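Colleague: what follows is a predicted protein model with its sequence.
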Amino acid sequence: MTTNVLISPTYEFYLNGEWKESQSGQTIDIKSPYLHEIIGKVQAITKEEVDEAICSAHKAQKKWAETSLQQRASYLYKWADELVNMQDEIAEVIMQEVGKSLKDSKNEVVRTADFIRYTVEEALHMHGESMKGDSFPGGSKSKVAIIERVPLGVVLAIPPFNYPVNLAAAKLAPALISGNAVIFKPATQGSISGIKMIEALHKAEFPKGLVNIVTGRGSVIGDYLVEHKGIDMISFTGGTNTGVRLAKKAGMIPLVLELGGKDPGIVREDADLEKAAQQIISGAFSYSGQRCTAIKRVLVHVNVADELVGILKEEIEKLSVGSPEEGSTVVPLIDDQSADFVQGLIDDAIEKGATVVTGNKRDRNLIYPTLLDQVTEDMRIAWEEPFGPALPVIRVSSDEEAIKIANKSEFGLQASVFTKDINKAFSIANKMETGSVQINGRTERGPDHFPFIGVKGSGMGAQGIHKSIESMTREKVTVLNLTD
Ligand SMILES: NC(=O)C1=CN([C@@H]2O[C@H](COP(=O)(O)OP(=O)(O)OC[C@H]3O[C@@H](n4cnc5c(N)ncnc54)[C@H](OP(=O)(O)O)[C@@H]3O)[C@@H](O)[C@H]2O)C=CC1
Ligand SMILES: O=C(O)[C@H](O)COP(=O)(O)O
């Protein structure tokens, strides 16, 4: 199927309900990772335009916070409907911009509409609480506390490239339904997809200024946004180095950071190896492993390692590799720099004695799914996050060794444990220094109402619909002093 490359239009940024060209007169070329052609240009906005966006957000937020939940709900439902109406157009853009297959891109848009609707429903059923004074020694029963959640103000939403619509809306929806305004800074490679998402929001006729999309390289306007006094909360998803830098600059405001990962797939001696292999492959190689929750190392009991590696090899070699237009599982990585990084990890492992079971083949920024066996702790790939289709197998001789190596990682996003012994599964899960543990399943964020948590180098705070709404609000206490 040949895709008509978008005629490389220049997109405007969205401020105060209007699409605008930046006063900077500068734009950023967005090149498709697999078409290797420029598919569009986005505005590189100025600091003055950032100031204007934040100022207009504050104005809009005051009024928005006074609207009823039901009124806010009606806008978000309309946004979800507009996304579904635009799903083919948006999916095509996601595919061209980040190289995700059309099927996965469409799923991302539908998942986003579902996310928005569920967020509304969750918010409509989150109620405050009340307390009576006399439950504390000396307290009076005529003192009644009414505790409710109130919005924080203006939320800065910064998502990564790999889910340019879903991970953006996963920040915007909870922020908006709780009465906040949003400054949305998309990943540069993902900006056009983000703009398309905002086009759907514009069609839902949200109040002007409530959501402003500020396009520009994070390395240029990122610090200015993060340090801006007009930002009341930051929800960031991206690399650990970027997240740590952001946290140091943000100052005294609430932060939620979802960062990198090095999720282990722990395979015990008693595991169903066929099922484990199927979950590991899906977890490690879908969208070329460009998922924070991808399985990024296999810790397998030495007694079953040869058998598991054999199954993995056979199944990996069946994976479709190539263009996202053909629905390939393994597609070109987001850019050449990322492909160079992954290749560097593979080369380092080979130099230090790892065995290439399959893969280690490259065509520009397309890296073939690579399985490395006999990986040892002195190899970079044992610890670093490839964010690409390279999977190391580390052989262990006990649960204790697997736990030790798993927890030695700087990351702590998720872990998978494959075993038939549910008691052992929980025993290992209880020792995992991660946000979540999957038992007999691949590591993944969904379903989206589950808490989604990164600890250590994988983040701070929690997402998942309910947790995200909580993180973008604070409690407020009103005390009633009744007269007897
Ligand atoms: N835990 C999770 O849920 C996820 C984690 N990730 C992690 O993100 C990485 C890959 O995604 P990627 O997009 O490349 O991550 P990056 O950290 O490079 O970028 C993430 C976002 O931060 C922006 N940014 C860059 N510099 C700054 C700055 N100084 N201040 C504020 N924002 C900035 C980027 O904008 P720009 O594009 O303009 O640089 C982008 O919007 C991997 O490490 C992956 O593990 C990815 C997805 C989900
Ligand atoms: O940030 C990511 O990469 C996503 O949170 C992963 O989501 P998924 O597990 O649903 O692919």
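Modeller: Okay, I see it. Numbers count the residues shown, from 1 in each chain. Ligands and ions are numbered 1, 2, ... in the order given.

Colleague: use CA for all of it now, contacts and neighbours both
Modeller: Fine.

Colleague: distance of the residue of the stretch 51-200 of the chain at minimum distance from ligand 2 from ligand 1?
Modeller: Ligand 2 sits closest to residue 162 of the stretch 51-200 of the chain, with a gap of 6.3 Å, by CA to the nearest ligand atom. As judged by CA to the nearest ligand atom, to the nearest Å, residue 162 and ligand 1 stand 6 Å apart.

Colleague: wait, what's in contact with that residue?
Modeller: 98, 190, 290-291 (CA atoms under 8 Å, 6 or more residues apart in numbering).

Colleague: which of those sits closest to ligand 1?
Modeller: Nearest to ligand 1 among those, with distances taken as CA to the nearest ligand atom, is residue 291, at 5.8 Å.

Colleague: ok, and the most crowded of the contacts of residue 162?
Modeller: residue 98 (28 neighbours; other CA atoms under 10 Å).

Colleague: relative to residue 165, how far out is it?
Modeller: 11 Å (CA to CA, to the nearest Å).

Colleague: can you check residue 412 too?
Modeller: Distance from residue 412 to residue 165, by CA to CA: 25 Å.

Colleague: swap in residue 311?
Modeller: Distance from residue 311 to residue 165, by CA to CA: 35 Å.

Colleague: between these two, point out the one with more neighbours.
Modeller: residue 165 (30 against 16).

Colleague: for that one, phi and psi?
Modeller: When read as degrees, to the nearest 10, the backbone of residue 165 gives phi -100, psi -50.

Colleague: what sits closest to residue 457 if chain neighbours are left out?
Modeller: Among residues not flanking residue 457 along the chain, residue 411 sits closest, at 4.5 Å (CA to CA, 6 or more residues apart in numbering).

Colleague: beta partners for the one you found?
Modeller: residue 456 (DSSP bridges).

Colleague: how near is it to ligand 2?
Modeller: Distance from residue 411 to ligand 2, by CA to the nearest ligand atom: 14 Å.

Colleague: count of neighbours near that residue?
Modeller: Neighbours around residue 411, by other CA under 10 Å: 26.

Colleague: quick one: residues contacting it.
Modeller: 260-263, 434, 455-458.

Colleague: what sits against residue 95?
Modeller: Counted by CA under 8 Å, 6+ apart, residue 95 has contacts 101-102, 105, 324-325.

Colleague: kindly report the same for residue 32.
Modeller: Taking CA under 8 Å, 6+ apart as the definition, contacts of residue 32 comprise 38-39, 96-99.

Colleague: narrow those to those in helices?
Modeller: In helices, defined here by DSSP state H, the members of the contacts of residue 32 are 96-98.

Colleague: adding pLDDT, write those out as a markdown table.
Modeller: Supplementary listing: the ones in helices among the contacts of residue 32 in a markdown table, determined by pLDDT from 0 to 100:
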| residue | pLDDT |
| --- | --- |
| 96 | 98 |
| 97 | 98 |
| 98 | 98 |
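
Colleague: of those, closest to residue 482?
Modeller: Lowest distance from residue 482 to the ones in helices among the contacts of residue 32 (CA to CA) belongs to residue 98, with 59.8 Å.

Colleague: not counting its neighbours along the chain, what's nearest that closest one?
Modeller: residue 334 (6.0 Å).

Colleague: show me the contacts for the one you found.
Modeller: 33, 98-99, 365.

Colleague: show me where the stretch 301-450 of the chain has helices.
Modeller: 302-316, 336-351, 399-407, 422-431 (DSSP state H, counting those that start in this stretch).

Colleague: thank you, goodbye.
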